[in-house]
Structure formats: structure tokens, C-alpha cells
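K.L.:
this one's sequence-less:
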């Protein structure tokens with residue numbers, strides 16, 4: 001029995017849904033999954049599934065082609081992988097580039113001679129909103145690479161960019177691309193395990209006039225100094241996913257300088273995605289409320305952060321109206337220690353004179369069985385919201 005085209009279309013929409021790493025959203029929500037940076041996984045399995053579906057019949061191909069090419073993965077394929085997008089020129093000749101909403105520049109399996117080799121794909125995909133660039137290869141391979149004679153075009157539709165900043169060849173490439181993104185609203189930067197030598201050539205000021213949200217996953221203290229040289233006049237949301245457990249003190253100084261530079265416009269700060277426990281090493285919350293005068297929303301994991309030490313008189317974030325607390329994983333949770341920790345935190349939160357809302361994310365049911373903790377919350381004047389549907 002032949003299935004109606006409408007049902008087939010729904011089946012293919014389900015089967016060809018973009019992989020989980022693809023996040024088009026450029027608006028911030030506390031602790032949302034779309035806040036996290038891209039993984040370094042191999043997308044070939046998802047691509048092979050899509051490719052096989054459209055080969056079932058001519059009708060299947062006509063129904064699913066648009067879905068197949070909405071997320072472009074550009075790479076030099078392995079011998080056992082399907083070459084769904086062989087080149088940017090092929091996208092232009094077929095017209096499939098118009099379907100693309102995102103492009104993922106992933107690992108090359110064969111060496112390339114310039115880190116600009118993939119740039120023409122941006123011309124072939126005029127409607128992309130998201131560009132992702134994870135780490136790949138060896139920095140030595142591209143240390144002497146020179147720009148292509150064909151410059152990167154102006155992909156004006158891109159609003160979200162996710163970038164691995166940990167290698168020499170990705171640094172100048174990022175600056176070349178970012179300067180051509182006038183509508184960039186969301187930027188996720190990852191910098192893991194790279195020394196300061198990779199950042200030396202980037203002393204110039206980078207201006208991103210419309211960037212609203214900056215998400216950082218950094219294990220490189222030099223990266224904080226690099227960010228302090230950027231000009232982000234519209235930045236209102238900052239997400240710091242993690243910091244290196246081995247250089248926590250260095251990062252506290254780096255965050256201090258970062259807040260001094262960017263804190264004047266910040267309205268929202270989220271801490272602790274990724275390796276949440278690393279925030280136990282430094283009092284980032286105190287830095288935020290003393291250096292970010294316009295902060296209105298603060299979100300973090302109280303289990304993995306120290307109790308703020310700043311006195312009421314030193315708090316400049318007098319407009320802080322909402323604090324969002326995520327309990328995180330319940331594994332290995334010492335209820336008694338956490339209860340005492342929360343009682344001390346509630347006492348400190350009373351120093352925030354304009355605080356109106358306290359939002360609790362995750363499963364707090366076990367913790368809130370404690371009568372003393374419930375009494376402390378009930379005695380406050382805050383509106384308390386429970387958001388247990390957020391992971």
C-alpha cells in the first residue's frame with residue numbers, strides 16, 4: 001500500500017532531523033541545552049542515514065532532498081564514508097546550497113594547504129544561520145598557511161557561530177570570518193590546552209557590534225586576556241561553561257579583567273556548564289556582583305561554587321532581580337552538607353536588596369524535604385519558581 005506524500009514527508013522530517021549539535025537558537029534561556037558548545041563527534045552516521053533515505057525512490061528524493069542538505073557537513077571524506085557534499089562548486093551547480101541553514105566544518109582526513117580552502121562553501125550557502133568549526137588536524141600543518149587569493153565572502157545571514165579557538169590556524173581564520181558577520185548575535189568559543197603562543201599575533205582589537213551572547217569554554221588563561229581586547233558594545237549575556245581546575249587562581253584574575261572590560265553592559269551571567277566543579281576554586285559570583293552594575297539575572301550551580309564572600313556595601317549590581325540555581329546531578333550528593341551550604345547561600349542572597357525571583361532548576365524534591373531549608377525559603381520575600389523539567 002502506497003503511503004500518502006504527507007505521511008512520507010513527516011517520516012523523512014523525523015528521520016532527517018538535524019543532529020543534536022545543531023543549535024540555531026540565538027536567544028538565551030537559563031541552563032538550556034542549546035547553550036552548550038558543539039561536540040567533536042563524527043557526523044558520518046547521521047549523514048549516511050539521510051543519504052540512504054533519499055535513495056529509496058524518486059519520490060523519496062523529491063520529498064527529502066531539502067532536509068538532506070539543510071545541515072551541510074564539509075570535510076574530506078574517508079574511503080568508507082559517503083561524499084554527500086563533494087565541493088562548494090557542486091552545491092552551486094545543483095542549487096542545493098540554498099537549502100542549507102547551517103554548515104559544519106569538521107575534521108579533514110587528508111591534509112589541505114590552506115585553512116581557507118573551505119571558504120567558498122559560504123558563497124554556495126547564502127541562507128545559513130549557524131556556522132560550526134571544531135578543532136582538527138595539527139597546528140604545525142597550518143602554521144605557515146597563507147590566505148587563499150579568493151577572500152571569504154560576506155555571509156550576512158549568519159547569526160550564531162561556534163568556534164574552536166585552540167590552534168594557531170583557527171585564530172586568524174576566526175578573525176577573518178567574524179569581521180564579515182554584521183548580524184552575529186551568538187558566539188561560542190572553545191579554547192582547550194593551548195599556550196599563549198597561539199594568541200600572540202592577535203593583538204588587534206576585534207569589534208563585534210551586534211553580539212549579544214558570548215559562551216566560553218576555556219582552559220587557557222591567555223584567552224581571557226585576548227577577550228579583554230575585544231570590543232563588544234551590545235553584549236548582554238555571558239555564559240562561562242568551565243575553567244581549568246589546575247589554574248583556577250589564574251582564571252580568577254582573568255575573569256576579573258574580563259568583567260572589568262565587559263561587565264558594564266552585562267545583564268545576564270551563567271556559570272558552570274561543563275566541568276561545574278571547577279568553580280569551587282574561585283569566587284566568580286562575588287566578582288560578578290561587584291563589577292557588573294547592570295546585572296539582572298544570575299544563573300549557576302550552587303553545589304559547585306563557593307559561598308560568595310562580598311559584603312552588602314560592595315555590591316554594585318543593585319538591579320539583580322533573578323537568581324537561577326541548578327542542582328545538577330543527584331549522584332554522590334551529600335544531603336547534609338548541601339543543606340548547610342544552601343542555608344548559608346540563602347543568608348547571603350538576602351544581601352541582594354532588589355532580588356525578586358528565585359528559580360530552582362532540576363530535581364530539588366529530596367533536598368527540600370528538609371524542614372529548616374523550607375523554613376528559610378518560606379521566610380524570604382522572593383517568588384520561588386520550580387523548573388524541574390530542565391536538565
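P.N.:
Happy to help now that I have it. Note that the coordinates shown come from a computational prediction; the quantities given were computed from them, not determined experimentally.
K.L.:
where do the strands sit along the stretch 151-300 of the chain?
P.N.:
In the stretch 151-300 of the chain, the strands defined using DSSP state E, counting those that start in this stretch lie at 160-164, 186-191, 213-218, 237-242, 268-271, 297-300.
K.L.:
compute the first-to-last residue distance for stretch 213-233.
P.N.:
Start and end residues of stretch 213-233 are separated by 11 Å (CA to CA, to the nearest Å).
K.L.:
quick revisit: TSV for the strands of the stretch 151-300 of the chain, including distance to residue 319?
P.N.:
Any C-beta I mention is one placed from the backbone N, CA and C, and that applies to glycine too. Below are the strands of the stretch 151-300 of the chain laid out as TSV (distance: least, CB to CB, whole Å):
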stretch	distance to residue 319
strand 160-164	28
strand 186-191	24
strand 213-218	19
strand 237-242	15
strand 268-271	12
strand 297-300	10
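K.L.:
switch the ones you listed over to JSON lines; also include mean pLDDT.
P.N.:
Compiled in JSON lines, the strands of the stretch 151-300 of the chain are given as follows (pLDDT from 0 to 100):
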{"stretch": "strand 160-164", "mean pLDDT": "84"}
{"stretch": "strand 186-191", "mean pLDDT": "86"}
{"stretch": "strand 213-218", "mean pLDDT": "87"}
{"stretch": "strand 237-242", "mean pLDDT": "86"}
{"stretch": "strand 268-271", "mean pLDDT": "94"}
{"stretch": "strand 297-300", "mean pLDDT": "95"}
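K.L.:
tell me the phi and psi of residue 102?
P.N.:
Note on residue 102: backbone dihedrals following degrees, to the nearest 10 are phi -150, psi 160.
K.L.:
please name the bridge partners of it.
P.N.:
In this entry, residue 102 is beta-bridged to residue 71, residue 130, by DSSP bridges.
K.L.:
against residue 291, how distant is it?
P.N.:
35 Å (CB to CB, to the nearest Å).
K.L.:
neighbour-wise, which of those two wins?
P.N.:
Between residue 102 and residue 291, counting by other CB atoms under 10 Å, residue 102 is the more crowded of the two (24 against 21).
K.L.:
was I right about the more buried one contacting residue 73?
P.N.:
No - if you go by CB atoms under 8 Å, residue 102 and residue 73 don't touch, sitting 9.3 Å apart.
K.L.:
between those two, what contacts are shared?
P.N.:
Applying CB atoms under 8 Å, 6 or more residues apart in numbering, one finds that no residue jointly contacts residue 102 and residue 73.
K.L.:
the nearest residue to residue 103 once chain neighbours are set aside: neighbour count?
P.N.:
In this structure, residue 103 finds its nearest non-sequential neighbour in residue 72, 4.6 Å apart by CB to CB, 6 or more residues apart in numbering. For residue 72, the count of nearby residues is 24 (other CB under 10 Å).
K.L.:
ok, now residue 363?
P.N.:
Around residue 363 there are 17 other residues, counting by other CB under 10 Å.
K.L.:
where does it land on pLDDT?
P.N.:
Note on residue 363: pLDDT of 91.
K.L.:
from what I see, it and residue 331 are in contact.
P.N.:
No - if you go by CB under 8 Å, residue 363 and residue 331 don't touch, sitting 11.7 Å apart.
K.L.:
would you mind confirming that the residue nearest to residue 103 makes contact with residue 102?
P.N.:
Yes - assessed by CB under 8 Å, residue 72 is found in contact with residue 102 at 7.0 Å.
K.L.:
find residues that contact each of these two.
P.N.:
residue 128.
K.L.:
quick one: the helices in the stretch 101-250 of the chain?
P.N.:
Secondary structure of the stretch 101-250 of the chain (DSSP state H, counting those that start in this stretch): helices located at 120-124, 139-142, 170-178, 221-227, 248-262.
K.L.:
those: which one's closest to residue 207?
P.N.:
helix 170-178 (9.3 Å; CB to CB).
K.L.:
can you point out the buried residues in the closest one?
P.N.:
170-174, 177-178 (16 or more other CB atoms under 10 Å).
K.L.:
for stretch 301-308, same thing?
P.N.:
301-306, 308.
K.L.:
now do stretch 59-66
P.N.:
In stretch 59-66, counting by 16+ other CB under 10 Å, buried: 60, 63-65.
K.L.:
re the thing from before, out of the helices of the stretch 101-250 of the chain, nearest to residue 156?
P.N.:
helix 120-124 (10.3 Å).
K.L.:
give the buried residues for that closest one.
P.N.:
Here helix 120-124 shows 120-124 as buried, counting by 16+ other CB under 10 Å.
K.L.:
would you agree residue 350 is in contact with residue 380?
P.N.:
Yes - Residue 350 lies in contact with residue 380 (CB under 8 Å); the separation is 7.2 Å.
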